[in-house]
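K.L.:
Task: produce atomic coordinates for the following.
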Amino acid sequence: MSDDSQQPIVIKRIKKGGDRHGGVWKIAYADFVTAMMAFFLLMWLLGSTTKGDLKGIADYFATPLKVALRGGSGSGDSSSVIQGGGEDLTRLHGQHKRGEIESPKKTINLQALKAELERKEKEKLQDLKRKIEKAIEANPGLVPFRNQLLLDITPEGLRIQIVDEKNRPMFDLSSAELKPYMRDILREIGKVLNEVDNRISLSGYTDATPFVGGDRGMGNWELSANRANASRRELIAGGMAESKVLRVVGGASTVLFDKQDPFNPINRRISIVVLNKRTEQAILNDGREPEEGVEPVVAEAAGAR
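P.N.:
Next up is the predicted model:
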């Protein structure tokens, strides 16, 4: 046997191609893209969130239980009217009666707030007064009667009084039938009154002259009430909403315009009061306090001077 026959046979196998790491790089790349997307999303949220909300989030992660229980400025209330938290609301009762409510940030003075609202309402009624005066001046048919129109601001609101003159009565004698010029005045006023939300009170008054038809059970009380109601109908005919009328009363000769002369024709008048909110609430609550902690309102008679 030759030496060549004793030589071992070696078989070499060569691997061709293939990826040393398989698909692991794809998973790592996907994780990187996801992390970048989350990063940019976080940057966007931080840029669009208010400072108060950011502080609330930071406080929550610092002391989550405290913020959850107490709330306040650390709970992201920058856009909230009522702060979060568990304040004992029964403690506010005594503060409300004293005219102020204390919050964690500031003290709200209810009396000052009420005074500011009343000031703004008075300015609105002053504007209404000027509009009515301009409307009368702009109507040539009503200009001759402007001296019979008396406008002033009272504790109840804007008072518009239409008074009689000796040669220019508003109604037929001993009647609730309106004169033509009186109809025009009331309808012109009715148009302007719809420009405000305030409701109105109507009162009729007579002088001290006894009513001619008194023997038939009629008197100055009935006459003044009928005239006030007739005026209400003309205001509505002029365009005023019927729901704006809160009260229609007859006062006879109890409240005189000219106290020195009870028989003066000027005592015969119609009084229209554009009520401020305080007087309106007093009427709706029959003179009682509309809510606890608010001082009662003492309203003067519509025709008192």
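K.L.:
With just CA atoms, put stretch 158-169 into CSV.
P.N.:
Taking C-alpha atoms only, stretch 158-169 is exported to CSV below (Å, rounded to 0.1, in the frame of the first residue of the first chain):
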residue,chain,number,x,y,z
LEU,A,158,-84.5,106.5,35.6
ARG,A,159,-87.8,108.3,36.2
ILE,A,160,-89.7,109.7,33.2
GLN,A,161,-92.6,111.9,34.3
ILE,A,162,-95.2,113.2,31.8
VAL,A,163,-97.1,116.0,33.5
ASP,A,164,-100.2,118.0,32.7
GLU,A,165,-100.2,121.7,31.8
LYS,A,166,-103.2,123.9,32.2
ASN,A,167,-103.7,124.2,28.5
ARG,A,168,-102.3,120.9,27.5
PRO,A,169,-103.9,118.0,29.4
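K.L.:
Work out the gap between that stretch and the centre of the chain.
P.N.:
Taking the mean of its C-alpha atoms, stretch 158-169 sits 33 Å from the chain's own mean (C-alpha atoms, centre = their mean, to the nearest Å).
K.L.:
just stretch 28-38 next, same as before
P.N.:
54 Å.
K.L.:
Specify the beta-bridge partners of Asp152.
P.N.:
Arg159 (DSSP bridges).
K.L.:
my guess is it contacts Arg159, does it?
P.N.:
Yes - proximity of Asp152 to Arg159 meets the contact threshold set by C-beta atoms under 8 Å, at 5.6 Å. All C-beta atoms are positioned from the backbone trio N, CA, C, and that covers glycine.
K.L.:
who has more neighbours, those two?
P.N.:
Ranked by neighbour count (other C-beta atoms under 10 Å), Asp152 and Arg159 place Arg159 first, with 25 against 10.
K.L.:
Return the residues in contact with the more buried one.
P.N.:
With contact taken as C-beta atoms under 8 Å, 6 or more residues apart in numbering, Arg159 is in contact with Leu150, Leu151, Asp152, Ile153, Ser271, Ile272, Val273, Val274, Ala302.
K.L.:
same deal with Arg187?
P.N.:
Under the contact definition (C-beta under 8 Å, 6+ apart), the residues listed for Arg187 are Glu234, Leu235, Ala237, Gly238, Gly239.
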